[in-house]
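A.B. asks: pasting the structure only:
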Ligand code: AMP
């Protein structure tokens with residue numbers, strides 16, 4: 001069976017899902033099933049085995065999780081479903097998704113089990129009883145051999161990312177597990193690709209499976225100029241606003257997101273940053289939807305944040321930009337989206353945000369649109385400031401050309417004479433006054449003025465060498481220190497039967513240069529500095545002595561760690577989870593860190609005593625010294 005995105009797709013309520021699941025989907029703001037969901041859910045609910053060819057990002061987790069949950073008998077706390085995943089990160093992610101979709105199923109319990117986690121903890125959790133197990137093959141095998149996991153009541157088995165399990169050498173473990181589970185179970189196998197080995201497993205272990213594949217491309221030649229920007233989800237909003245500032249010919253934009261909730265959330269955030277914006281989603285009545293479109297046409301709003309379905313057929317000539325804030329499920333949805341710009345003979349511009357793990361979409365879209373998608377880096381604060389200065393300069397030039405300024409000449413002359421102030425100083429003060437609401441400089445930009453532009457003020461000046469530090473550092477090209485840090489071995493599960501080994505400690509030279517890293521968890525998530533230290537030390541093997549100052553902010557924190565960490569180590573640091581939040585660690589950009597501590601009054605005591613950071617007025621400082 002082959003499916004294509006159907007923009008007239010019916011909602012989840014037509015797929016046969018039970019009320020508690022529909023309620024959970026409404027909570028998370030999913031509007032319509034993704035193509036893989038629309039195709040898989042009825043097949044799985046009907047009890048068929050399934051062979052699904054789908055990548056991450058297509059919504060495949062919900063495609064198997066929802067029917068699986070529907071079949072769970074909550075009264076029996078025994079494993080009724082098993083999901084095998086190649087990595088512990090995916091196991092945790094899938095378990096979290098199940099928990100989310102089971103929000104209205106009281107008493108539901110899912111347990112992730114994976115290598116690297118203490119056996120004792122897992123044995124205790126297993127003995128308490130659970131409805132669903134999500135695990136990595138090695139550890140599941142371990143428990144089956146120990147009989148700490150009994151699958152006699154298993155109804156459903158899902159193999160998620162089967163080709164990854166093959167690539168990581170788990171396929172024999174997977175086959176072993178398949179052979180040690182009840183034959184009458186229902187089995188679903190998902191894989192991004194279908195190499196022969198996977199097909200063979202499917203032939204041997206699946207019963208007359210329905211094959212579901214998302215048709216990836218009907219190629220269409222598009223005239224829209226397309227770019228992509230690789231960015232982590234925490235940076236998308238900043239990237240969006242900076243890009244909109246420096247884009248040429250920006251008139252109006254449609255920003256595409258996946259959920260109804262996200263349309264409102266992103267619209268609110270853009271509004272707070274001064275944009276005229278509205279959300280467009282399936283919850284709006286037809287009348288309200290038309291009102292939003294009319295306001296976009298009339299120019300009372302410039303940005304609409306929409307889901308695919310809500311923006312269907314939207315035809316507004318002034319839409320100069322389509323922003324794929326969340327990646328579409330497939331190339332056809334992408335082509336539909338970018339068709340919202342470049343209307344009425346105008347040229348359109350499409351920008352796609354991709355997280356590193358979504359980069360595979362790039363090639364697919366290039367193939368489908370028969371066009372190269374150029375890379376775009378997030379503009380630096382300096383580049384944004386240059387653009388603002390150029391626009392400001394143009395306004396001044398235009399005013400001098402068109403307005404009668406005699407009265408104001410007199411005012412300036414009087415200020416000069418009466419206060420002994422030079423005209424240039426007066427002009428600077430007036431520039432400050434005129435841009436107070438929307439400062440020319442972004443927080444984090446250099447204090448230096450942009451390079452003088454001579455007689456062509458409208459052209460944004462290039463950064464001077466002195467401002468080069470504002471450029472986004474090229475992390476890949478950066479030289480590593482002489483003794484580069486030991487490469488991290490790829491994390492594999494341990495073979496069955498061996499005891500847990502702690503993560504190897506890395507050694508850094510004494511006095512290694514430190515750098516500030518940003519992590520996406522902060523005070524609002526209730527994190528304690530000691531939890532951050534514990535997670536980094538245990539998971540990444542960085543010794544406590546190599547972890548410097550930690551500053552907690554509302555929704556993120558900064559941590560000092562040795563500079564120039566290897567890519568492998570950064571990869572681990574990005575994925576570490578604290579209180580269920582992935583740290584998504586990244587190097588902070590120059591100027592990004594704003595130290596909220598009060599100024600130091602005395603040199604820090606070297607004898608181990610705490611330096612006195614207290615504010616003179618006795619108020620508590622907003623930072624915390626790291627507790628161990
Ligand atoms: P997956 O391919 O399962 O990793 O899902 C990718 C992302 O899409 C996840 O963040 C899901 O929460 C989101 N998602 C899945 N299905 C839908 C849907 N029907 N509507 C909106 N977002 C969805």
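C.D. replies: Arrived safely, thanks for sending. Being a predicted model, the structure only gives us computed values, none of them experimental.
A.B. asks: how about the spatially most central residue of the chain: what's its closest non-neighbour residue?
C.D. replies: Nearest to the mean C-alpha position of the chain, by Cα atoms, centre = their mean, lies residue 233 at 2.3 Å. Spatially, and ignoring its direct neighbours in sequence, residue 233 is nearest to residue 355 (6.3 Å; Cβ to Cβ, 6 or more residues apart in numbering). Any C-beta I mention is one placed from the backbone N, CA and C, and that applies to glycine too.
A.B. asks: same question, residue 10
C.D. replies: residue 32 (7.5 Å).
A.B. asks: repeat for residue 314
C.D. replies: Closest residue to residue 314 apart from its sequence neighbours, by Cβ to Cβ, 6+ apart: residue 340 at 5.4 Å.
A.B. asks: could you list every residue that touches that neighbour?
C.D. replies: Residues in contact with residue 340 (Cβ atoms under 8 Å, 6 or more residues apart in numbering) are 254, 311, 314-316, 319, 322.
A.B. asks: select the longest helix from this structure.
C.D. replies: Ranked by residue count under DSSP state H, the longest helix found in the chain is helix 381-402.
A.B. asks: looks to me like residue 112 is in a strand.
C.D. replies: Yes: Residue 112: assigned to a strand according to DSSP: H, G, I helix; E, B strand; the rest coil.
A.B. asks: counting by contacts, list what the longest helix of the chain packs against.
C.D. replies: Counting contacts by 3 or more Cβ pairs under 8 Å, 6 or more residues apart in numbering; DSSP states H and E, helix 381-402 packs against helix 236-246.
A.B. asks: show me what the helix it packs on is packed up against.
C.D. replies: If you count contacts as 3+ Cβ pairs under 8 Å, 6+ apart, helix 236-246 packs onto helix 260-272, strand 319-324, strand 349-354, helix 381-402.
A.B. asks: wait, which of those is closest to the ligand?
C.D. replies: helix 260-272 (8.4 Å; Cβ to the nearest ligand atom).
A.B. asks: on that earlier part again, pLDDT at the residue nearest to residue 10, what is it?
C.D. replies: Here, the pLDDT recorded for residue 32 equals 91.
A.B. asks: repeat that for the one 10 residues further on.
C.D. replies: Per-residue pLDDT puts residue 42 at 97.
A.B. asks: what helix or strand does it sit in?
C.D. replies: helix 35-45 (DSSP states H and E).
A.B. asks: can you list the domains in the chain?
C.D. replies: Split into domains by automatic domain parsing, the chain comes to 2-213, 224-375, 382-469, 473-587.
A.B. asks: now distance to residue 593 too, for these, in JSON lines please.
C.D. replies: Formatted as JSON lines, these follow (distance: least, Cβ to Cβ, whole Å):
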{"stretch": "domain 2-213", "distance to residue 593": "28"}
{"stretch": "domain 224-375", "distance to residue 593": "15"}
{"stretch": "domain 382-469", "distance to residue 593": "9"}
{"stretch": "domain 473-587", "distance to residue 593": "5"}
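A.B. asks: next, format those as TSV and append distance to the ligand.
C.D. replies: Output for the domains of the chain, formatted as TSV (distance: least, Cβ to the nearest ligand atom, whole Å):
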stretch	distance to the ligand
domain 2-213	3
domain 224-375	4
domain 382-469	29
domain 473-587	12
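A.B. asks: for the ones you listed, which has the smallest mean pLDDT value?
C.D. replies: Minimum mean pLDDT among the domains of the chain: domain 473-587, a mean of 71.
A.B. asks: list the buried residues in stretch 391-401.
C.D. replies: For stretch 391-401, burial by neighbour count (16 or more other Cβ atoms under 10 Å) applies to 392-393.
A.B. asks: which SS class is residue 343?
C.D. replies: Following three-state DSSP, the label given to residue 343 is coil.
A.B. asks: so what's it up against?
C.D. replies: 315-317, 319.
A.B. asks: most surrounded residue in the residues you listed?
C.D. replies: Per-residue neighbour counts (other Cβ atoms under 10 Å) across the contacts of residue 343 peak at residue 319, which has 26 neighbours.
A.B. asks: for that residue, what are its contacts?
C.D. replies: 251-254, 296, 340-341, 343, 348.
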